[in-house]
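Colleague: sharing a model prediction with you, sequence too.
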Amino acid sequence: MIRRPLLSGLVLAACASAGWADIPKAVTTPDVVKTSHGTFEFRDGVPTEATAQALYDQHDFTFAYRAYLDTMRGVSIRALRRGMEDMGVRKNEVMVFSELMDSKSLFLTPNADTIYVMGWIDLTDGPVVLESPPGFLGIVQDAWFHWVTDMGAPGPDRGVGGKYLIVPPGYDGALPEGGYFTAHAKTTGILWFGRSFLKDGSDPKPSVDVIKAHTRVYPYVPGGYGTSIAEFLTGDAHLGKITEPPETVFHEGTGKVMNTLPPSDYSYFELLNQVVQEEPATSLDVELMGPLASLGIVKGKPFAPDERLKGIMTDAVAVANAASRNLLMNPRDPDWFYYPDSSWFNMLFESGYEFETPIPEITQDGAKPFPPTGYRQMDARTAFFYGITGITPAMAMRLTGVGSQYLIAARDADKAYFDGSKTYKVTLPKGIPEANFWSLTVYDNQTRSMLDTPQRYPRAGSQSYPTPAAEASADGTTTIWFSPTQPEGVGRGNWIQTVPDKGWFIALRLYSPLEPFFDKSWRIGEIERVE
């Protein structure tokens, strides 16, 4: 019932004739509100005490749910740094996987085809120099997994190597005139990583030697290299000493058991709070920081939720993790799928690396960007960061002969999820469109890391290391098999081992992809269940 002030009959009559006597039902709240989230009771628009508490619980749950989806990328990159720290990797040091990454460690969808190199940087004391080796594909990311710059082939050094100067937010000190590729970051915590190729697809050692000879990470010295005497004489800079940078410490990563995955329980928020405390308060959009602040995650303040809020956050992260997993393993947007009626998908073609505008078309006249959509594709962003490490424009481009491209499949030709106890096969038609090499890698559904089997490297491809190269049939097609035991008559290079009672998904990688991939005149087959 809606109460109104007492009015005279004449006034009521006037109001009625003007159409004001009946308040529209759509603008009111009934005394009993029945929803899928519970029943809420009001007395003339005022919540009962029980309803008020239930609605605050629901409100806090929503904030915690949003916080997970909006900040997963930051927690993921912090978990990756923590994994390296657990292995003894300190700031400005480098981890290199000299014999490639294998299935012993937990990393989000890495490959077993290239030599990974990675490290973390702290810009608190000023800019840091990162020297990139030749023949590299690298990315610099900030603490919220925003792209800072590319290195190597897709970057400004274009693959010949170079010195990158990473500048912290708010830095107003001297910078060099030249000699560096300068990139400004929004956070002081930086994570970088990249990949180098094997020589002739069969030997990592020459590339590892190049990496160790040319990769360096060290603090920038203002007024040194990159600053001219002329700039000093005009009073625009002071002169610093030209000194030899300190030796870079390298750590071996191959075969190490390390966990770099973001947690999916309450500890998620503890790691998130760590990121917030370490980074500038303005390093993430204020709209995204709002839900965090409502949960008590605020820069410069202790994070100590009471038992009620902690319980709600525990529930919210469980639901948000489940929802994120569903988006990755069960995409509902038909535009993510690369071919009609296919299980192969890649959301980046539709969302771009910023999850907003589709990636540009490449024409004879150059790149043809699409107009901005004006909205963030939230499902694409969530699914991507739930399963993948690293984001860069180089991952979302239709440019032939540069970088790499990916397709993911979580279901077979009949749209059923893969069963580790069954046998499957996939056929790659003749003329696989790559100028460098191709590979298929199998991942564990749970960890989104390489499936851990006695093979150690769950991959098949055109390279002959770390497993034998796949062999094509007489007609030029290449068939790869997936099963717990090696099928009779199938060569080792054409078989990826699976695990009974363990689900899996797969990624196709094309390094230096060619036009038939982009115009879709070449199409990988769907994965068929054989038995």
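Modeller: Sure, I can see it.

Colleague: helices and strands around the longest helix seen in the chain, which ones?
Modeller: Criterion DSSP state H: the longest helix present in the chain is helix 49-86. Under the contact definition 3 or more Cβ pairs under 8 Å, 6 or more residues apart in numbering; DSSP states H and E, helix 49-86 sits against strand 38-43, strand 115-122, strand 189-196, helix 267-278, helix 286-294, helix 307-329, helix 378-387. Yep, even glycine has a C-beta here, placed from its N, CA and C like the rest.

Colleague: and the next helix or strand past the last one?
Modeller: For helix 378-387, the succeeding helix or strand toward the C-terminus, using DSSP states H and E, is strand 404-409.

Colleague: follow-up on the earlier one: tell me the mean pLDDT over the longest helix of the chain?
Modeller: Averaged across helix 49-86, the pLDDT comes to 97.

Colleague: got the buried residues for it?
Modeller: Within helix 49-86, the residues that count as buried by 16 or more other Cβ atoms under 10 Å are 51, 54, 57, 60-61, 63-84.

Colleague: tell me which stretches of the stretch 101-250 of the chain form helices.
Modeller: Remark: helices assigned in the stretch 101-250 of the chain by DSSP state H, counting those that start in this stretch are 205-214, 229-233.

Colleague: where's the longest one relative to the chain centroid, distance-wise?
Modeller: Same thing as helix 205-214. In terms of Cα atoms, centre = their mean, to the nearest Å, the centre of helix 205-214 is found 27 Å from the chain centre.

Colleague: show me what counts as buried in it.
Modeller: The neighbour-count check on helix 205-214 (16+ other Cβ under 10 Å) flags 207-208, 210-212, 214 as buried.

Colleague: would you format these as CSV with pLDDT included?
Modeller: Formatted as CSV, the buried residues of helix 205-214 follow (pLDDT from 0 to 100):
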residue, pLDDT
S207, 96
V208, 97
V210, 97
I211, 97
K212, 97
H214, 96
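
Colleague: got the helices of the stretch 101-250 of the chain as JSON lines, with distance to P429 columns?
Modeller: Shown next, in JSON lines, are the helices of the stretch 101-250 of the chain (distance: least, Cβ to Cβ, whole Å):
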{"stretch": "helix 205-214", "distance to P429": "30"}
{"stretch": "helix 229-233", "distance to P429": "58"}
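
Colleague: and those: which comes nearest F437?
Modeller: Relative to F437, the nearest member of these by Cβ to Cβ is helix 205-214, separated by 13.4 Å.

Colleague: and the angle from the closest one to strand 115-122?
Modeller: 20 degrees (axes from the mean of the first three to the mean of the last three Cα atoms, to 10 degrees).

Colleague: kindly export helix 205-214 (C-alpha atoms) in CSV.
Modeller: What follows is helix 205-214, C-alpha atoms only, in CSV (Å, rounded to 0.1, in the frame of the first residue of the first chain):
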residue,chain,number,x,y,z
LYS,A,205,71.2,-24.6,-28.1
PRO,A,206,72.3,-22.0,-30.7
SER,A,207,69.3,-19.8,-29.8
VAL,A,208,69.9,-20.2,-26.1
ASP,A,209,73.4,-19.1,-26.6
VAL,A,210,72.2,-16.0,-28.4
ILE,A,211,69.7,-15.3,-25.7
LYS,A,212,72.3,-15.5,-22.9
ALA,A,213,74.8,-13.4,-25.0
HIS,A,214,72.3,-10.5,-25.8
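
Colleague: the helices and strands packed on helix 49-86 into JSON lines, with extra columns for mean pLDDT and mean neighbour count?
Modeller: Shown next, in JSON lines, are those (pLDDT from 0 to 100; neighbours: other Cβ atoms under 10 Å):
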{"stretch": "strand 38-43", "mean pLDDT": "96", "mean neighbour count": "14"}
{"stretch": "strand 115-122", "mean pLDDT": "98", "mean neighbour count": "23"}
{"stretch": "strand 189-196", "mean pLDDT": "96", "mean neighbour count": "24"}
{"stretch": "helix 267-278", "mean pLDDT": "98", "mean neighbour count": "19"}
{"stretch": "helix 286-294", "mean pLDDT": "96", "mean neighbour count": "16"}
{"stretch": "helix 307-329", "mean pLDDT": "98", "mean neighbour count": "17"}
{"stretch": "helix 378-387", "mean pLDDT": "97", "mean neighbour count": "22"}
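
Colleague: need these in a markdown table (columns: distance to D419).
Modeller: Shown next, in a markdown table, are the helices and strands packed on helix 49-86 (distance: least, Cβ to Cβ, whole Å):
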| stretch | distance to D419 |
| --- | --- |
| strand 38-43 | 39 |
| strand 115-122 | 30 |
| strand 189-196 | 31 |
| helix 267-278 | 30 |
| helix 286-294 | 39 |
| helix 307-329 | 14 |
| helix 378-387 | 20 |
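
Colleague: nearest to L514, of the ones you listed?
Modeller: Of all those, strand 189-196 comes closest under Cβ to Cβ, at 19.5 Å.

Colleague: what helices or strands is that closest one leaning on?
Modeller: Partner elements for strand 189-196 (3+ Cβ pairs under 8 Å, 6+ apart): helix 49-86, strand 115-122, strand 128-132, strand 136-142, strand 147-152, helix 205-214.

Colleague: touching the shortest one from outside, list them.
Modeller: Contact partners of strand 128-132, identified using Cβ atoms under 8 Å, 6 or more residues apart in numbering, comprise 92, 121-122, 138, 140, 151-152, 155, 157, 161-166, 180, 190, 192, 194, 214-220, 245.

Colleague: quick one: buried ones out of the residues you listed?
Modeller: 92, 121, 138, 140, 151-152, 155, 157, 161-166, 180, 190, 192, 194, 214-220.

Colleague: OK, contacts around P245?
Modeller: P245 sits next to 129, 216, 218 when contact means Cβ under 8 Å, 6+ apart.

Colleague: circling back: Y339 is nearest to which of the helices and strands packed on helix 49-86?
Modeller: Of these, nearest to Y339 by Cβ to Cβ is helix 378-387, at 18.1 Å.

Colleague: just checking, what packs against the closest one?
Modeller: Using 3+ Cβ pairs under 8 Å, 6+ apart, the elements in contact with helix 378-387 are helix 49-86, helix 307-329, helix 348-351.

Colleague: mind listing what the closest residue to A67 other than its chain neighbours touches?
Modeller: Residue nearest to A67 in three dimensions, not counting chain neighbours: P291, with 4.7 Å by Cβ to Cβ, 6 or more residues apart in numbering. P291 makes contacts with 62-64, 66-67, 70, as judged by Cβ under 8 Å, 6+ apart.

Colleague: so the spatially closest residue to A183 that is not a sequence neighbour bridges to which residues?
Modeller: Of all residues not flanking A183 in the chain, T149 sits nearest, at 3.9 Å (Cβ to Cβ, 6+ apart). Under DSSP bridges, the beta-bridge partners of T149 are V140.

Colleague: circling back: beyond the longest helix of the chain, next helix or strand please.
Modeller: Next along from helix 49-86, by DSSP H and E: strand 94-96.

Colleague: give the partner strands of that following strand in its sheet and their orientations.
Modeller: Note on strand 94-96: by DSSP bridges, its sheet partners are strand 115-122 (antiparallel), strand 250-252 (parallel).

Colleague: would you mind giving the ones you listed as TSV with distance to G387 added?
Modeller: Formatted as TSV, the strands paired with strand 94-96 follow (distance: least, Cβ to Cβ, whole Å):
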stretch	distance to G387
strand 115-122	17
strand 250-252	26
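
Colleague: got the contact list for stretch 417-429?
Modeller: Residues outside stretch 417-429 that contact it (Cβ under 8 Å, 6+ apart): 329, 410-412, 438, 440, 445, 476-484, 487, 498-506, 522-531.
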